[in-house]
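Chemist: Kindly return the folded structure for what I paste below:
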Amino acid sequence: MTAAAQPQSHRPLTSERTRIAIPVGPHPEGKRPPRLQDALDFWQFAGAAANVAMQMARPGVGHGVADSKVESGALMVHPWKRLRTTASYLAVAVLGSDEDKREFREAVNVAHRQVRSEPGAPVRYNAFDRELQLWVAACLYIGFEDSYQLLHGKLNPEQAEAFYRTSATLGTTLQVPQDMWPASRAEFDVYWNEAAEQAVLDDKVRAYVDDLLHLRMIPWYFRVVFGGLLRFLTAGFLAPYFREQMDITWTATDQRRFEHLFLFVGFVNRFIPRFIRFGGTYNLMRDVRRRIRKGKPLI
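Modeler: Presented below is the predicted three-dimensional model:
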């Protein structure tokens, strides 16, 4: 896998360019339709850096993160805290009660009030912009669906629709109203491809994302041990269009290695007890509720 600048294409975006390839094989089996809760496996976080990079490809999000003055939640300053906050948000959005979501929304709103562009900034943004929040929530959904399919097999249309029907809380837990969330899986595809047209990195955000992809926010010894694998996973979880934006080349050999890795992981996962695979997310949910009871900060 090497970096190389690639010419930008101006043809309309399609799912072949905005989504990663999922190997064709047996569909997931089960007595009930799959739900978002079924994707809370710890491997869901394998594509976390890729998901952040996709979110930041939208200029309003990218500049909002890169320019943010909220140091307590800055990814490059406090990476582990930011990871806990994001993972806690996902736990609350998927598993939380209405009260859990209200408490977390208020905590996030306190930080978001400080995230807005200065007068005269080249890119205008506001963390309360519902269109930007919808984009972030859509990226999160893509992450859930991709990781679930890589582990369990490609969803058939009926399964994909059932899985999608449980996903709106990824956005509505914050400011995205229900009627903004695409009503069906097919409508989501239309939204995603059109919204991806607005995901264009400039030099400032590309440099920030490059730091993220090379893990420059964590100690060097972690980068030595895990850097190669995490960069490979991150590139694998990026669709072709986003790799082009980030100047990443992904070969057919890379794709085969990525698919073979998840064939192996998916096989091994069958023998790992559910309480281990899902334990991290459920523990985060318990931690959020403990913090609420004791009046401790949630983010």
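Chemist: I'd say Q198 and G62 touch.
Modeler: No - with contacts counted by Cβ atoms under 8 Å, Q198 stays clear of G62, the gap being 11.1 Å. Quick note: C-beta positions are derived from backbone N, CA and C, even for glycine.
Chemist: ok, these two, which is more surrounded?
Modeler: Shown here are Q198 and G62; by other Cβ atoms under 10 Å, G62 has more neighbours (24 against 12).
Chemist: Which residues does the host helix or strand of the more buried one contact?
Modeler: Assessed by DSSP states H and E, G62 sits inside helix 59-67. Applying Cβ atoms under 8 Å, 6 or more residues apart in numbering, the external contacts of helix 59-67 come out as 55-56, 75, 115, 117, 121-127, 129, 132, 135-136, 198, 200-202, 204-205, 208-209.
Chemist: roughly how far apart are T169 and N193?
Modeler: 23 Å (Cβ to Cβ, to the nearest Å).
Chemist: any weak-confidence spans in the protein?
Modeler: Where the chain drops to pLDDT under 70, the residues are 1-10, 70-77.
Chemist: Which residues are in contact with D202?
Modeler: P59, G62, V123.
Chemist: Just confirm V123 is within a strand.
Modeler: No - using DSSP: H, G, I helix; E, B strand; the rest coil, the secondary structure at V123 is coil, not a strand.
Chemist: Please name the spatially closest residue to it (chain neighbours excluded).
Modeler: Nearest residue to V123, sequence neighbours excluded (Cβ to Cβ, 6 or more residues apart in numbering): H63, at 4.2 Å.
Chemist: what's the distance between the one you found and A39?
Modeler: In terms of Cβ to Cβ, H63 sits 30 Å off from A39.
Chemist: Kindly report the same for G25.
Modeler: Here the criterion is Cβ to Cβ. By it, G25 lies 18 Å from A39.
Chemist: Repeat that for D287.
Modeler: The gap separating D287 from A39 is 20 Å, by Cβ to Cβ.
Chemist: between the two, who's got more neighbours?
Modeler: More crowded of D287 and A39, by other Cβ under 10 Å: A39, with 26 against 15.
Chemist: Was I right to think that one contacts I142?
Modeler: No - A39 sits out of contact with I142 when judged by Cβ under 8 Å, with a separation of 11.4 Å.
Chemist: Name the residues of the helix holding G62 that come out as buried.
Modeler: P59, G60, V61, G62, H63, G64, V65, A66, D67 (16 or more other Cβ atoms under 10 Å).
Chemist: same thing with stretch 292-299?
Modeler: Buried residues in stretch 292-299 (16+ other Cβ under 10 Å): I292, L298, I299.
Chemist: pretty sure the second one is in a strand, no?
Modeler: No - under the criterion used here (three-state DSSP), L298 is coil, not part of a strand.
Chemist: Excluding residues flanking it in the chain, which one is nearest it?
Modeler: Excluding the flanking residues, the one nearest L298 by Cβ to Cβ, 6+ apart is A107, at 4.0 Å.
Chemist: OK, contacts around I20?
Modeler: Applying Cβ under 8 Å, 6+ apart, we find I20 in contact with D146, G236, F237, L238, A239.
Chemist: 7 Å instead, please
Modeler: By Cβ atoms under 7 Å, 6 or more residues apart in numbering, the contact set of I20 is D146, F237, A239.
Chemist: cool, and E259?
Modeler: P23.
Chemist: what helix or strand is it on?
Modeler: E259 is located in helix 252-269, with elements delineated by DSSP H and E.
Chemist: who's in contact with the helix or strand just after that helix?
Modeler: Sequence order places helix 274-277 as the next helix or strand after helix 252-269, per DSSP H and E. With contact meaning Cβ under 7 Å, 6+ apart, helix 274-277 is reached by D41, F42, N269.
Chemist: The same query, at a cut-off of 10 Å, please.
Modeler: Under the criterion Cβ atoms under 10 Å, 6 or more residues apart in numbering, residues D38, L40, D41, F42, W43, Q44, L151, N269, Y282 lie in contact with helix 274-277.
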